[in-house]
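Student: Okay, here's the prediction I keep looking at, along with the sequence it came from:
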Amino acid sequence: MNPSAYAAVDTLLGLEERLSPEDRAWGSRAAAVAADVVLPTIDADFEEARFRAEIVPAFADAGLFGMHLEAPGCAGASPTAYGLACAAIEAADSGWRTLVSVQGSLAMTAIARFGSDRQRASLLPEMAAGRLLGCFALTEPQGGSDPGAMTTVAERDGDGWVLSGAKRWIGLATVADIAIVWARTSDGVRGFVVPTDAPGFTATPILHKHAMRASIQCDVTLDEVRLPGDAILERATGLGAPLTCLNEARFGIAWGVLGIARECLALSVDYAGRRTSFGGVLAGKQLVQARLAEMMLAYQGGMLTALHLASLKSEGRMQPAQVSIAKLGNVRSAIAIARSARELLGGDGVTADYPVMRHMANLEAVRTYEGTDDIHALSIGRALTGVSAF
Ligand code: TGC
Ligand code: FAD
């Protein structure tokens, strides 16, 4: 694509000067990783449903795992820096932003926020360096929207614990070294650090997905998995603990999908400037300009929402319902922009010569995970009315 198409979008948005040089540097570093190791093979990887474990170290080397955490081994970058990094990676493919989310926002956040000093010191630097991969096991086969109904149990066994149950859709579980498993105890929901080679832990990839084909999600079974007493995340008590980790991941998604939005918008500007019909370029047709303007409005709205959320987060004021607004609204905008780009590209839009259909397919998974549209609508409705309608 002609770089001037990106410049047209970025110049009109005019937000560059609002971003600090450090934040922009994180975005550029993430974009370089995406360009070096994701983009060269992503179309084939997606078509052949291949997760390339060999490129994971490139993400670690760029410091992207847990980059926004104030924790051992982590850079403590700003929320905006983390958001820009997520956007840069998701512009290449949502599956690779999911890697950064699962490792940094979910598994590492669980340990950073709720782990013991020993767990933080021993696990987080290894995870930041990519030598230890984590996954986050909350969802269960009987339904992910209501994690409070989980049936996985952890029972006391002398000084230790025994975990039994099933989890579904667990990202990276076959390649992870540890799983953060949430289970019901006599003391409410608790979190555990489970080595994935523990006897009784089994992960099986979910096949035949039509989205997120270049990443791995699994069914997990826990068949009387025995753990030492210190495997528990001692500060995680109740469902609020995993939901706190979800806020982090949802923040990254609200930013990440804007990478797709920018990519599809710039691609549309570029295509409209090259493609001719009825004796002139598409860019010169009024309906095409109106379409591009609609895409720009949606993109700008999403960026302003994301920047506002980042400000609230850096001030320590970000509320769950505000995260719901950003996750629901920005994913919806990215889907609308990607669909509009596909239409503008005509038949070319359904081919793998362009990334639009791949992004559209991935976005269907993104709108479902980390809380479906319905769940976020109900969260917003509850905040507005004070009435829970789940
Ligand atoms: P509710 O009674 O509302 O709350 C239970 C306790 O949790 C607290 N809480 C939160 N705390 C922090 N952040 C939030 N977002 C919170 N929402 C609720 C709440 O204050 C309460 O605390 P306490 O101390 O009073 O007990 O819970 P509920 O059972 O009514 O359900 C609330 C609901 C529906 C919003 C929640 O269950 C939900 O968010 N459901 C969706 C589940 C979900 O998003 N799962 C994601 C799994 S991980 C994943 O998808 C990874 S995808 C890969 C990637 O991220 O890239
Ligand atoms: P359900 O909860 O069964 O929902 C089905 C439908 O019912 C949805 O449309 C939903 O909106 C609607 N619904 C549910 N409740 C209500 C209500 N009260 N009112 C109105 N409508 C309602 N989970 C993890 O723990 N870890 C991961 O790493 C992870 N990665 C994922 C990666 C991918 C690609 C996908 C697709 C999922 C992943 N998930 C993960 C699971 C994800 O969080 C769940 O799929 C999601 O929370 C929805 O749960 P569900 O699929 O069981 O749908």
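Tutor: In hand now; what should we look at? Ligands and ions are numbered 1, 2, ... in the order given.
Student: Can you pull out the low-pLDDT segments for the stretch 251-390 of the chain?
Tutor: Along the stretch 251-390 of the chain, segments meeting pLDDT under 70 are nowhere present.
Student: For it, what lies in contact range of ligand 1?
Tutor: Within the stretch 251-390 of the chain, the positions adjacent to ligand 1 are Pro320, Tyr369, Glu370, Gly371, Ile375, Ser379, Phe390 by CB under 6 Å from any ligand atom. Glycine gets a C-beta too; all of them are placed from N, C-alpha and C.
Student: Any quick PyMOL command for the buried ones out of the residues you listed?
Tutor: Written as a PyMOL command, the selection of buried residues from these, which uses 16 or more other CB atoms under 10 Å, is:
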select buried, resi 320+369+370+371+375+379
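Student: For the residues of the stretch 251-390 of the chain next to ligand 1, work out which two are farthest apart.
Tutor: Among those, the pair separated by the greatest distance (CB to CB) is Tyr369 and Phe390, at 17.7 Å.
Student: So which of the residues of the stretch 251-390 of the chain next to ligand 1 reach ligand 2?
Tutor: The subset of those within reach of ligand 2, counting by CB under 6 Å from any ligand atom, consists of Tyr369, Glu370, Ile375, Phe390.
Student: my guess is the first one contacts Ser145, does it?
Tutor: The reference is to Tyr369. No - checked against CB atoms under 8 Å, the pair Tyr369 and Ser145 is beyond contact range at 10.7 Å.
Student: What number of residues are in the vicinity of the residue of the chain found nearest ligand 2?
Tutor: Using CB to the nearest ligand atom, the single residue of the chain nearest to ligand 2 is Gly144, 2.4 Å away. Other residues near Gly144 come to 19 when the count uses other CB atoms under 10 Å.
Student: again, but for the one 10 residues further on
Tutor: The number of residues packed around Ala154, counting by other CB under 10 Å, is 27.
Student: Specify the local secondary structure of it.
Tutor: Taking DSSP: H, G, I helix; E, B strand; the rest coil as the rule, one finds Ala154 in the strand state.
Student: What pLDDT is listed against it?
Tutor: Note on Ala154: pLDDT of 98.
Student: Check Glu16 too.
Tutor: Predicted confidence (pLDDT) for Glu16: 87.
Student: mind listing what it touches?
Tutor: If a contact means CB atoms under 8 Å, 6 or more residues apart in numbering, then Glu16 has Asp10, Arg24 as its contacts.
Student: Run through who's touching stretch 53-60.
Tutor: Contacts with stretch 53-60, where a contact means CB under 8 Å, 6+ apart, come from 33, 36-38, 65, 96, 99-100, 128-131, 133, 175.
Student: Does Arg274 touch Val281 like I think?
Tutor: Yes - counting by CB under 8 Å, Arg274 does reach Val281; the two are 7.0 Å apart.
Student: Report pLDDT for the residue nearest to Gly238 when sequence neighbours are not counted.
Tutor: Excluding its sequence neighbours, the residue lying closest to Gly238 (CB to CB, 6 or more residues apart in numbering) is Gly188, at 5.1 Å. Taken from the predicted model, the pLDDT recorded for Gly188 is 97.
Student: okay, now Gly188: neighbour count?
Tutor: When neighbours are counted by other CB under 10 Å, Gly188 registers 12.
Student: quick one: contacts for it?
Tutor: Thr237, Gly238, Leu239.
Student: likewise Ser116?
Tutor: By CB under 8 Å, 6+ apart, the neighbours of Ser116 are Asp230, Leu233, Glu234, Arg235.
Student: do the same with Pro147
Tutor: Counting by CB under 8 Å, 6+ apart, Pro147 touches Leu138, Thr139, Glu140, Trp182, Leu239, Pro242, Leu243.
Student: Asn330 too?
Tutor: Ile253, Ala254, Trp255, Val257, Leu258, Ala261, Gly302, Thr305, Ala306.
Student: where does it land in three-state SS?
Tutor: helix.
Student: returning to what we had before: inside strands: which ones of the contacts of Ser116?
Tutor: Among those, no member falls in strands (DSSP state E).
Student: Export the residues you listed to CSV and append columns for distance to ligand 2.
Tutor: Converted to CSV, the contacts of Ser116 look like this (distance: CB to the nearest ligand atom, whole Å):
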residue, distance to ligand 2
Asp230, 23
Leu233, 15
Glu234, 21
Arg235, 20
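Student: Name only those of these that count as buried.
Tutor: Leu233.
Student: and which of the contacts of Ser116 is nearest to Arg29?
Tutor: The shortest gap between Arg29 and any of the contacts of Ser116 belongs to Leu233, at 30.4 Å (CB to CB).
Student: Now do the same contact list for Met15.
Tutor: Rather than Met, residue 15 is Leu. Contacts for Leu15 were tallied using CB under 8 Å, 6+ apart; they are Met303, Leu307.
Student: Tell me the backbone dihedrals of it, please.
Tutor: For Leu15, the backbone dihedrals are phi -100, psi -10 (criterion: degrees, to the nearest 10).
Student: what about Leu309, distance to ligand 1?
Tutor: Distance of Leu309 to ligand 1, computed by CB to the nearest ligand atom, to the nearest Å: 13 Å.
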